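>>> Let's see this in three dimensions:
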Amino acid sequence: MAKPYMYKLHPKSRKLCSCCDEVAVKKIEIQTSWFRGDDDVFLLCPSHASIAEQNKFDDLYYDNAMTKARRSKAA
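Residues are numbered from 1 along each chain as shown. This is a model prediction of the structure:
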């Protein structure tokens, strides 16, 4: 099972959520293996932070993949 660690971001941070286009308020690190550097790191808005707190990681990964594809297509 993946171990998630969630942190608050600085209130003046204007970084975007990894899963949508809202401003991120939290950062989550999901440990996927014991090897160093194999963590998945996401910046989350309040709605995606609540999804992560409910351990719905499949929804989080899906939203991240869709947002990443949309952003790369626009660039």
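
>>> Go over the secondary structure and confirm Ser13 is in a helix.
No. Assessed by DSSP: H, G, I helix; E, B strand; the rest coil, Ser13 does not belong to a helix; its assignment is coil.

>>> residues in contact with the residue lying closest to it once chain neighbours are set aside?
By the measure of CB to CB, 6 or more residues apart in numbering, the closest residue to Ser13 outside its immediate chain neighbours is Ala24, 6.9 Å from it. Yep, even glycine has a C-beta here, placed from its N, CA and C like the rest. Taking CB atoms under 8 Å, 6 or more residues apart in numbering, we find Ala24 in contact with Leu9, Ser13, Lys15, Leu16, Cys17, Ser18, Leu43, Leu44, Cys45.

>>> Quick check: which ranges of this structure have low pLDDT?
For the chain, applying pLDDT under 70 flags the ranges 1-2, 75.

>>> And the strands in it?
3-8, 26-31, 39-44 (DSSP state E).

>>> Of all the ones you listed, which one comes closest to Met66?
Among those, the nearest to Met66 by CB to CB is strand 39-44 (13.3 Å).

>>> unless I'm mixing things up, Pro4 is touching Ile30, no?
Yes. Using CB atoms under 8 Å, Pro4 is in contact with Ile30, at 5.0 Å.

>>> With adjacent residues omitted, what lies nearest to the residue most central in space within the chain?
With distances taken as CA atoms, centre = their mean, Phe42 lies nearest the centre of the chain, 2.6 Å away. Setting aside the residues directly before and after it, Phe42 is nearest to Ser18 in space (CB to CB, 6+ apart), at 4.2 Å.

>>> And for Asp59?
With CB to CB, 6+ apart as the measure, Ile51 is the residue that lies nearest to Asp59, at 5.5 Å, once sequence neighbours are left out.

>>> measure the one you found to Gln31 for me?
Separation of Ile51 from Gln31 (CB to CB, to the nearest Å) stands at 18 Å.

>>> Have a look at the two and say which one is more surrounded.
When Ile51 is set against Gln31 and neighbours are counted by other CB atoms under 10 Å, the residue ahead is Ile51, at 17 against 14.

>>> if we can go back for a sec, can you check which residues contact both of Pro4 and Ile30?
Residues within reach of Pro4 and of Ile30 at once, by CB under 8 Å, 6+ apart, are Phe57.
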